[in-house]
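In: Make a model of this:
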Amino acid sequence: MTGDSTAVALRAAGATAGVPGAAKSAAGGAPAEAREVARAAARAAGVEVRTVHDVAGIAAVTDFFSDVWQTPRSAPPYPAEVLHSLVHAGGAVHAAFDGGRLAGAAAAVFGPPAGADVYSFVAAARASDRGVGFAVKQAQRTWALERGARSMRWIFDPLVGRNARFNLVKLGAAGTEYLVDFYGPMADGVNDGDESDRLTVTWDLVRPSPSRPVPDAAVRDAAPATRRAPDGAPLARRDAGGHHVWCRVPHDAVALRAADPVLALRWRHAVREVFTEAFAEGFTATGMSRDGWYTLTRSPEEGTA
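Out: Purely as a prediction, here's the structure:
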């Protein structure tokens, strides 16, 4: 990826009519801070991030999503008609451009309660991402805060550790809901043959916390193992106080799914059991280590209830 650093900018323009909070954000000075963070993120990534509304721009984003999810462009995962309708309804499609090349994109709509929450239903960046994904999310954050939103939610595949680390550590969101086989069977080139479990994350747009402290690896590895993974090594650990659960995912779930879908499905079911049990007890996902371990936490009050 190449980028002209002298021409990098970030624009978050878009129609505001009829959008809750468009005239005045409930987040006080947060939009101004968010704009500065978004500009810096775009500059660091060497891209320009802007909202797109025109036919050609929406079509380019649709083709980009087809390439990411390895579907024919004649059968995109997010058709242009859907994205156009989303924009018309008050949502936004953001696209990151490296010169004339589309490097990342995302789409979001307003959701409950009372328009203070935004739902980002798709986001992607090229594999050679140099911070493009971060720049796109910061552009979404700016757009949402300027319209009065205070939080943003989206879902992702919990087996994909690199996405978990981006969402939970880089952005400071928290995993708040585990969804079993959310979409049912999927026939794209990334998810085909697997069950579509997803983890909902919630991002505090006003006070993101990317520096959330988590126990170090020594503390985790000293905790007793409670489950074994398909590879025979520990899958889950739990501390004696009942405030932390750790769960491991495969090194590269996407590659594993392509090479051995049966084994990948065994991992899916194993991780699902850990998460559904932990979430039922009041845990949330708050971290992901570089070696593939989620940290799930709950407050002392919840632990003693």
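In: before we move on, which element is the nearest residue to Arg220 once chain neighbours are set aside in?
Out: Nearest non-adjacent residue to Arg220, counting by C-beta to C-beta, 6 or more residues apart in numbering: Trp246, 4.9 Å away. Using the backbone N, CA and C atoms, a C-beta is placed for each residue, glycine as well. In the assignment (DSSP states H and E), Trp246 maps to strand 244-248.
In: For this structure, which strand extends over the most residues?
Out: Secondary structure assigned by DSSP state E gives strand 101-111 as the longest strand of the chain.
In: my guess is Arg126 contacts Ala105, does it?
Out: No - applying C-beta atoms under 8 Å as the test, Arg126 and Ala105 come out as separate, 10.2 Å apart.
In: Would you mind telling me which of the two has more residues around it?
Out: Ala105 (27 against 18; other C-beta atoms under 10 Å).
In: who's in contact with Val274?
Out: The contact partners of Val274, by C-beta atoms under 8 Å, 6 or more residues apart in numbering, come to 227, 235-236, 245, 247.
In: can we see that at 7 Å?
Out: Neighbour list for Val274: 227, 235-236, 247 [criterion: C-beta atoms under 7 Å, 6 or more residues apart in numbering].
In: That one: what secondary structure?
Out: Put simply, Val274 is helix when judged by DSSP: H, G, I helix; E, B strand; the rest coil.
In: mind checking how far it is from Val87?
Out: Distance of Val274 to Val87, given as C-beta to C-beta, to the nearest Å: 39 Å.
In: got the CA coordinates for stretch 134-149 in CSV?
Out: Extracted in CSV, the C-alpha atoms of stretch 134-149 (Å, rounded to 0.1, in the frame of the first residue of the first chain):
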residue,chain,number,x,y,z
PHE,A,134,-8.3,1.8,12.9
ALA,A,135,-8.7,4.9,10.8
VAL,A,136,-12.1,3.7,9.5
LYS,A,137,-13.4,3.0,13.0
GLN,A,138,-12.2,6.4,14.2
ALA,A,139,-14.1,8.0,11.3
GLN,A,140,-17.2,6.1,12.3
ARG,A,141,-16.7,7.2,15.9
THR,A,142,-16.5,10.8,14.8
TRP,A,143,-19.6,10.6,12.6
ALA,A,144,-21.6,8.9,15.4
LEU,A,145,-20.6,11.3,18.1
GLU,A,146,-21.4,14.3,15.9
ARG,A,147,-24.9,13.0,15.7
GLY,A,148,-25.4,12.4,19.5
ALA,A,149,-24.5,8.7,19.8
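In: Mean confidence (pLDDT) on that stretch, please.
Out: Mean per-residue pLDDT for stretch 134-149: 95.
In: Tell me which strands the strand holding Trp246 pairs with, and in which orientation.
Out: If you go by DSSP bridges, strand 244-248 pairs up with strand 234-238 (antiparallel), strand 293-297 (antiparallel).
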